[in-house]
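Q: just to be clear, the model below is a prediction. Sequence and coordinates:
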Amino acid sequence: MLRNALIFLAPGFEELEALAPVDVLRRAGIPVTLAGLGPDAHGCVSSSRGVGVRCDGSVQELPLTGWDLVYFPGGMPGSRNLAAEERCREAARQTLHGGGWVCAICAAPLVLEAAGLLEGGVEYTCYPGTERQISHGVYTGKYIQRSGHILTACGPAAALDFSLEILRATGAASLATQLSEAMGRR
């Protein structure tokens with residue numbers, strides 16, 4: 001079971017992809033920290049549709065280590081912004097190499113590519129067409145893809161299922177089922 005999770009938000013993130021895992025993980029009792037890349041004076045980062053979300057701290061001030069899971073939502077230009085930030089790439093590397101989980105949805109596998117985490121035949125999925133910008137890994141085109149401790153998903157429509165799959169993959173399958181049922185899923 002996860003002890004904590006760090007979710008990165010950069011200007012231009014996709015709302016469903018960012019907030020579905022916050023909701024599901026917090027319902028599961030897992031502390032979630034939101035790290036903002038370039039937050040405004042109020043600590044908020046704006047999504048691709050202008051929705052501001054208040055972060056717990058900036059990418060520059062939050063620690064890169066000690067996370068059981070790091071998560072990168074997609075959206076443009078949010079994914080490119082995250083991929084360009086060395087502290088995001090380093091948090092992904094540190095988490096994965098420390099035995100934690102790295103998750104990316106939609107265009108955010110660009111972050112995994114930039115961090116060097118798709119090398120060596122790692123299977124991944126992403127928003128259709130984004131794979132043309134990724135030169136490493138094995139693109140599967142699946143809705144959700146697990147490759148070791150790397151989880152990826154294809155886009156906004158997968159956000160809730162992906163969030164529940166994170167719980168399943170990390171050892172909380174029965175809790176994922178309970179939450180799914182409690183949220184009205186059949």
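A: Good, I have the coordinates. On a predicted model such as this, the values are computed, not experimentally measured, just so you know. Numbers count the residues shown, from 1 in each chain.
Q: give the buried residues for stretch 3-20.
A: Neighbour-count burial for stretch 3-20 flags 5-20 (criterion: 16 or more other Cβ atoms under 10 Å). Quick note: C-beta positions are derived from backbone N, CA and C, even for glycine.
Q: where does the prediction get shaky in the protein?
A: For the chain, applying pLDDT under 70 flags the ranges 186.
Q: please enumerate the helices of it.
A: Taking DSSP state H as the test, the helices found in the chain are 15-27, 78-84, 86-97, 109-114, 159-169, 173-182.
Q: chain center to the third one: distance?
A: Helix 86-97 sits 12 Å away from the centroid of its parent chain (Cα atoms, centre = their mean, to the nearest Å).
Q: swap in the second one?
A: Going by Cα atoms, centre = their mean, the spacing between the C-alpha centre of helix 78-84 and its chain's C-alpha centre is 12 Å.
Q: next one: the fifth one
A: Its chain's average C-alpha position is 11 Å from that of helix 159-169, according to Cα atoms, centre = their mean.
Q: repeat for the first one
A: Relative to its chain's centre, helix 15-27 lies at 10 Å (Cα atoms, centre = their mean).
Q: go on, the fourth one?
A: From the chain centre to the centre of helix 109-114 is a distance of 11 Å (Cα atoms, centre = their mean).
Q: what's that helix packed up against?
A: Applying 3 or more Cβ pairs under 8 Å, 6 or more residues apart in numbering; DSSP states H and E, one finds that helix 109-114 contacts helix 78-84, helix 86-97, strand 101-105, strand 150-153.
Q: mind redoing it with 7 Å?
A: helix 78-84, helix 86-97, strand 101-105 (3 or more Cβ pairs under 7 Å, 6 or more residues apart in numbering; DSSP states H and E).
Q: show residues contacting that helix.
A: Contacts to helix 109-114, defined as Cβ atoms under 7 Å, 6 or more residues apart in numbering, come from residues 72, 79-80, 82-83, 88-89, 92, 102, 104, 118, 124, 126, 130, 133-134, 136, 150, 152.
Q: follow-up on the earlier one: let's have the helices and strands packed on helix 109-114 in TSV, adding mean neighbour count and distance to Arg26.
A: As requested, the helices and strands packed on helix 109-114 are exported to TSV (neighbours: other Cβ atoms under 10 Å; distance: least, Cβ to Cβ, whole Å):
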stretch	mean neighbour count	distance to Arg26
helix 78-84	24	21
helix 86-97	19	19
strand 101-105	28	15
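Q: in TSV, list those along with distance to Glu165.
A: Below are the helices and strands packed on helix 109-114 laid out as TSV (distance: least, Cβ to Cβ, whole Å):
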stretch	distance to Glu165
helix 78-84	20
helix 86-97	17
strand 101-105	9
